[in-house]
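In: Curious how this folds, go ahead:
(chains A and B)
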Amino acid sequence: NAGVTQTPKFRVLKTGQSMTLLCAQDMNHEYMYWYRQDPGMGLRLIHYSVGEGTTAKGEVPDGYNVSRLKKQNFLLGLESAAPSQTSVYFCASSYSGQGGEQFFGPGTRLTVL
Amino acid sequence: ILNVEQSPQSLHVQEGDSTNFTCSFPSSNFYALHWYRWETAKSPEALFVMTLNGDEKKKGRISATLNTKEGYSYLYIKGSQPEDSATYLCAPKGSGGSNYKLTFGKGTLLTVNP
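Out: Here you go, the predicted structure:
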């Protein structure tokens, strides 16, 4: 099993460009999450999904959109990238939203110039 | 958003020392407390998920305790080794409508010197 994978691993964008980050998990998990990690800020939740076809906002959703068309995939979109979105993005999944540990992907390092 | 405090922010110990650090969280509407270990250039990995007041969990030289009434958890490492160097994150989960989400603390960065 690959666990949680993220594509791409690195990306450099110019301000105003758009992109989509892909998260895939092969553990049949219902719950998926997108976090961003910034120095001194810890992990902050952007959006999450409690099942196929559902999404919800986390702590810092502004400037991002998500979709969960298939259970195994959770996409994070930046419509118009800004330098403030320079960060490391982590995807995670869990089998249970109530008590299950989260399994994290390897991260995507995004730089917006 | 839950208010989660971890202390200390960073810690340097010598190989063989035992150490501990603290996670504080709101005691109301508590559901679960997660501990994660995050090595540099890797992804966070779960250590423990704790739900019951007074619970104690152990994995090798690492153990954790939970006090839900006063809102804190301790993580202990016995006989620290250089490979224990990592950031240790705690993340409480509230009950009710927000129980799908974890709120992560900023972590304690542990450095174990050989």
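In: and B:Val13, what helix or strand is that in?
Out: strand B:10-14 (DSSP states H and E).
In: Could you spell out the sheet neighbours of that strand, each with its direction?
Out: Sheet partners assigned to strand B:10-14 using DSSP bridges are listed as strand B:108-113 (parallel).
In: So, low pLDDT: which residues of chain A?
Out: For chain A, the stretches flagged by pLDDT under 70 are A:97-99.
In: Chain B contacts on that one?
Out: A:31, A:33, A:35, A:40-45, A:48, A:50, A:56, A:58-59, A:90, A:97-107 (C-beta under 8 Å from any C-beta of the partner chain). For every residue, glycine as well, the C-beta is placed using N, CA and C.
In: For PyMOL, what selects the buried ones among those?
Out: To isolate the buried ones among the residues of chain A next to chain B in PyMOL, judged by 16 or more other C-beta atoms under 10 Å in any protein chain shown, type:
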select buried, chain A and resi 31+33+35+42+43+44+45+48+58+90+97+100+101+102+103+104+105+107
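In: what does the strand holding B:Val13 rub up against?
Out: The contact list for strand B:10-14, computed with C-beta atoms under 8 Å, 6 or more residues apart in numbering or on different chains, reads B:Thr19, B:Phe21, B:Ser80, B:Thr108, B:Leu109, B:Leu110, B:Thr111, B:Val112, B:Asn113.
In: Pull out the buried residues from those.
Out: Using 16+ other C-beta under 10 Å as the burial test, the contacts of strand B:10-14 include B:Thr19, B:Phe21, B:Ser80, B:Thr108, B:Leu109, B:Leu110, B:Val112 as buried.
In: Output the set of residues of chain B in proximity to chain A.
Out: Close to chain A, as judged by C-beta under 8 Å from any C-beta, chain B has residues B:1, B:31-32, B:34, B:36, B:42-46, B:49, B:51, B:89, B:93, B:99-107.
In: Take the residues you listed and keep only those in strands.
Out: Per DSSP state E, strands hold the following members of the residues of chain B next to chain A: B:Tyr31, B:Ala32, B:His34, B:Tyr36, B:Glu45, B:Ala46, B:Val49, B:Leu89, B:Lys93.
In: Backbone torsions only: list them for A:Ser84.
Out: Here is the backbone geometry of A:Ser84 (degrees, to the nearest 10): phi -70, psi -10.
In: Tell me, how many residues neighbour it?
Out: 11 (other C-beta atoms under 10 Å in any protein chain shown).
In: All good on my end, thank you.
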